[in-house]
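**Student:** next come a sequence and a model predicted from it.
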Amino acid sequence: MYEKLSKRVDDVVKIARGIAREMDHEYLGTEHLLLAILQEGTGVGARILAAAGIDQNSVRAELDKRIRKSMEDTWVFGRLPGSPHLKGVVVQAVDIAGKLNSKDVCTEHLILAMLLEKGSLAEQTLRALGLTYDAAKSRLAELAAECET
């Protein structure tokens, strides 16, 4: 299913598992992935979020409100079961990476995929914090242009 996850995405998934355990969640969801991207902090995905003024504290506060409202069904993803939305994000990220001619799935692809995964905790949180798919994609294009100069 996965073309190739970058080393950074592998690291982010490991961090996300730790965050899920710290939160006493018995599943891995988009919210854990979002927090892990912020915690890892060095990827393009983290830079997109920072440019939108989104940090760990604002995400945690928004997630805390939303997590209490509902728990999602789960499917198995590694050692922790993953939410159906997590599977959707990974599938979308692979598709986005391909469309952007990237050989690896990177954190920026995960952020864009989270914004497309309607109803996920990550999508709801990012939207509530003011980040849209178009804004994130625009910031990604700006960052790519900076790298080319």
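**Tutor:** Noted; the coordinates are in hand. Owing to the predicted nature of the structure, the values given are computational and were not obtained by experimental measurement.

**Student:** just the buried residues of the helix or strand harbouring residue 87, please?
**Tutor:** Assigned by DSSP states H and E, residue 87 belongs to helix 84-99. Across helix 84-99, burial judged by 16 or more other CB atoms under 10 Å covers 84-90, 92-97. Yep, even glycine has a C-beta here, placed from its N, CA and C like the rest.

**Student:** output the contacting helices and strands for it.
**Tutor:** If contacts are counted by 3 or more CB pairs under 8 Å, 6 or more residues apart in numbering; DSSP states H and E, helix 84-99 sits against helix 30-40, strand 75-77, helix 107-116, helix 121-128.

**Student:** just to revisit the earlier point, could the buried residues of helix 84-99 go into CSV alongside distance to residue 35 and pLDDT?
**Tutor:** Shown next, in CSV, are the buried residues of helix 84-99 (distance: CB to CB, whole Å; pLDDT from 0 to 100):
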residue, distance to residue 35, pLDDT
84, 19, 75
85, 15, 80
86, 13, 79
87, 18, 83
88, 18, 85
89, 14, 86
90, 16, 84
92, 19, 88
93, 17, 89
94, 21, 86
95, 23, 89
96, 20, 91
97, 21, 88
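
**Student:** I'd say residue 32 and residue 24 touch.
**Tutor:** No: look at residue 32 against residue 24 with CB atoms under 8 Å: they stay out of range, at 11.9 Å.

**Student:** now do residue 59: how many residues are near it, please.
**Tutor:** Each residue near residue 59 was counted by other CB atoms under 10 Å, and the total is 22.
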